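Chemist: 3D model of this:
(3 chains)
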Amino acid sequence: MVEAGIAFGVMNAIGLVAFAAVGALKGSDAGLDLFGVAVLGFLTALGGGTIRDLLVGRIPTSLQSNTEVLFAAAGIALAVALATRVEVDESRKLSSANQNASRSGDGDLMESPAVLLPDAVGLAAFAATGAAVGIEAGLSPFGVVVTATLTGVGGGSLSDLLLARIPAVLREDFYATPAVAGGAVAPPAVAAGLSVGATTLFAAGVVFGLRLGALRYGWRLPTV
Amino acid sequence: MVEAGIAFGVMNAIGLVAFAAVGALKGSDAGLDLFGVAVLGFLTALGGGTIRDLLVGRIPTSLQSNTEVLFAAAGIALAVALATRVEVDESRKLSSANQNASRSGDGDLMESPAVLLPDAVGLAAFAATGAAVGIEAGLSPFGVVVTATLTGVGGGSLSDLLLARIPAVLREDFYATPAVAGGAVAPPAVAAGLSVGATTLFAAGVVFGLRLGALRYGWRLPTV
Amino acid sequence: MVEAGIAFGVMNAIGLVAFAAVGALKGSDAGLDLFGVAVLGFLTALGGGTIRDLLVGRIPTSLQSNTEVLFAAAGIALAVALATRVEVDESRKLSSANQNASRSGDGDLMESPAVLLPDAVGLAAFAATGAAVGIEAGLSPFGVVVTATLTGVGGGSLSDLLLARIPAVLREDFYATPAVAGGAVAPPAVAAGLSVGATTLFAAGVVFGLRLGALRYGWRLPTV
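Modeler: The predicted structure is shown next:
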């Protein structure tokens, strides 16, 4: 299980960098200043786990350990470098073309596998960690679903709220549902005799598989 | 006092169903998908009590007990059934009339006594519970008003925030004020020698009476 | 150091009155009713410290002590008196002039030294208190920056969120940056042997100096 622990740590690190970069790019697209971009990056990467820790009565690890913060900072730095570059490219294009072009460079990037795959890895690692924390805190199955889902999508949703937008996960895409499923399978797995460690890996696999399926086949939930 | 305890449990259950249904309908009206509708339903019913528990340093009961969750789920199911039905009715109307009709079916429903009365019962039960929790945690009178008000109107306000709207209670209607009053009467009642149980019932009566009066006579607070 | 403690208490009181007044005026400008105006006033003054207390696992002092609440209430009362007065003045102007005039009276007031200076004092006192709380809770340097910044700008940002606006500090002005700097200098100061009390005063000085410089010279952060 040592290898599994290392694999999980790597997944978590990939997720922190990817989430922070996505959050920072979102802030840059919304015209925030450098402080706002950093806030959105850190919040997207660390916000979900922070709310989860509050819900189970712990002081958030994001405020105590330096490791998560460093990975998130790396993601923000990456995003700032990319945003600056896209802007330079676009001002070149703009001088010879349409002044009203949207900053489509970032939009394309957000839909590229270079962002979507690490993001799916992060979603799986975060939601599975959230499920494990909920189980260790003795929460009900509903509570475990809540901590899994919030850890997976809470940071991105907080970022959307700071931009005065309806969180994207509430209305489109099959993004939160894999996290919900990861949380839902965990209590039965533990009840069936799996260790919390094995349950975490199993939940991560469920989340990742469903998210990849959603990306591949364009799954969506119905509106009501 | 056993009967009083049962009466209070019934009020709480009515409130959970009503709040969850109102939240889910709000999500459905805003075009959210099934996940978003469920989030708004659960958050409207359980969100106020969850924030209150965080403020007094407890792990939220909503994540530990199953009872509240089941009542909230019943309210969401009810709302989804209603929303689907209204939509069917409206598509019939639409085929013979104005394509731009708003989904007024839900709007009318929200203003009908079938929603407003159970909602007022829930407001009373929730605000009174919040006042009792604040008193038991040893908060100041201001703190008791905060826990009463947040328990009563916090879930609906969080739902409004998720929809990127100014919480309705901040600008219109006499809805939060009864909850404030319920919190404000509790510390003097306890100081005057009433038990916490009796104070809770008294506070619930104050909230319910003021809310009914507001509905009957159209009370409003002034703007400044 | 007794005088320093008194000076700090005075700074805190000035900040509570100023923050509450600014929040209440913002609510009044947005057309909220009296409850909404009070919520925005209390939230702007007490919200940052409340989130900070939650993050370090304490029951918020704002719900336990009466002192902070009284200063905030004074700020709200001041704002309501001012808003009523401005409205009267403007209806006079309106009867002889343009019906579409914005309520520029409040806008001018917000930019006047009578608001900006006490607000800067409050920012310094709040951010420095937040840094001290973070250090005493054993947070990482990043955690101390978070508690300092949230204590300084969290209440105003929550108020902006309730008004469905992007928090002003995320995109303009050099307002959060002084709070970040105040948090950033605190852990090295303690590591260098300064007492927490002396560090708090030092951090407050850094915040106040940077904020005054920003007001005087129009500093801004770049967008990316």
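Chemist: Please identify the buried residues of the helix or strand hosting residue A:202?
Modeler: Applying DSSP states H and E as the criterion places residue A:202 in helix A:196-217. Of all the residues in helix A:196-217, those buried under the rule 16 or more other C-beta atoms under 10 Å in any protein chain shown are A:199-204, A:206-208, A:210-211, A:214-215. Placement of C-beta: from N, CA and C, glycine included.
Chemist: now swap in stretch A:42-62 and tell me
Modeler: A:42-56, A:59-62.
Chemist: okay, that stretch in CSV with CA atoms only?
Modeler: Output of stretch A:42-62 as CSV, limited to C-alpha atoms (Å, rounded to 0.1, in the frame of the first residue of the first chain):
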residue,chain,number,x,y,z
PHE,A,42,-5.6,29.5,-3.9
LEU,A,43,-9.4,29.3,-3.2
THR,A,44,-10.0,27.0,-6.2
ALA,A,45,-7.2,24.7,-5.0
LEU,A,46,-7.6,24.9,-1.2
GLY,A,47,-11.1,26.2,-0.6
GLY,A,48,-13.0,22.8,-0.9
GLY,A,49,-10.7,21.1,1.6
THR,A,50,-10.9,24.1,3.9
ILE,A,51,-14.7,24.1,4.1
ARG,A,52,-14.6,20.3,4.6
ASP,A,53,-12.2,20.7,7.5
LEU,A,54,-14.4,23.3,9.1
LEU,A,55,-17.4,21.0,8.8
VAL,A,56,-15.7,18.2,10.6
GLY,A,57,-14.3,20.5,13.3
ARG,A,58,-10.6,20.6,12.3
ILE,A,59,-8.3,23.6,11.8
PRO,A,60,-7.9,23.6,8.0
THR,A,61,-4.7,21.8,6.9
SER,A,62,-4.3,24.4,4.2
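Chemist: now residue A:115, what's its secondary structure?
Modeler: helix (DSSP: H, G, I helix; E, B strand; the rest coil).
Chemist: swap that for residue A:59, sorry
Modeler: Going by three-state DSSP: residue A:59 is coil.
Chemist: how about the residues of chain A near chain C?
Modeler: Taking C-beta under 8 Å from any C-beta of the partner chain as the measure of proximity, chain A contacts chain C at A:27-28, A:30-37, A:39-40, A:50, A:54, A:57-60, A:62-66, A:69, A:80, A:83-84, A:161-164.
Chemist: Please spell out the ChimeraX selection for the buried subset of those residues.
Modeler: The buried residues among the residues of chain A next to chain C can be selected in ChimeraX (16+ other C-beta under 10 Å) with this line:
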select /A:27,28,30,32,33,34,35,36,37,39,40,50,54,59,60,62,63,64,69,80,83,161,162,163,164
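Chemist: can you tell me which of the residues of chain A next to chain C are up against chain B?
Modeler: Among those, chain B is touched by A:54, A:57, A:161, A:164 when using C-beta under 8 Å from any C-beta.
Chemist: Contacts only, for the nearest residue to the second one once chain neighbours are set aside.
Modeler: Spatially, and ignoring its direct neighbours in sequence, residue A:57 is nearest to residue B:59 (5.1 Å; C-beta to C-beta, 6 or more residues apart in numbering or on different chains). With contact set as C-beta atoms under 8 Å, 6 or more residues apart in numbering or on different chains, residue B:59 has these partners: A:55-57, A:137, A:139, B:53.
Chemist: 7 Å - rerun?
Modeler: For residue B:59, the contacting residues are A:56-57, A:137, B:53, by C-beta atoms under 7 Å, 6 or more residues apart in numbering or on different chains.
Chemist: Likewise for residue A:62?
Modeler: Contact partners of residue A:62, counting by C-beta under 7 Å, 6+ apart, are A:46, A:49-50, A:68-69.
Chemist: With respect to residue A:144, which of the residues you listed is nearest?
Modeler: residue A:49 (15.0 Å; C-beta to C-beta).
Chemist: which residue packs closest to that closest one, ignoring adjacent ones?
Modeler: Nearest to residue A:49 is residue A:151, by C-beta to C-beta, 6+ apart, at 5.4 Å.
Chemist: for residue A:155, same thing?
Modeler: Per C-beta to C-beta, 6+ apart, closest to residue A:155 is residue A:47, 3.5 Å.
Chemist: surely the one you found meets residue A:156?
Modeler: No - under the criterion of C-beta atoms under 7 Å, residue A:47 makes no contact with residue A:156, lying 8.1 Å away.
Chemist: thinking residue A:39 is in contact with residue C:170, fair?
Modeler: Yes - if you go by C-beta under 7 Å, residue A:39 and residue C:170 touch, sitting 6.1 Å apart.
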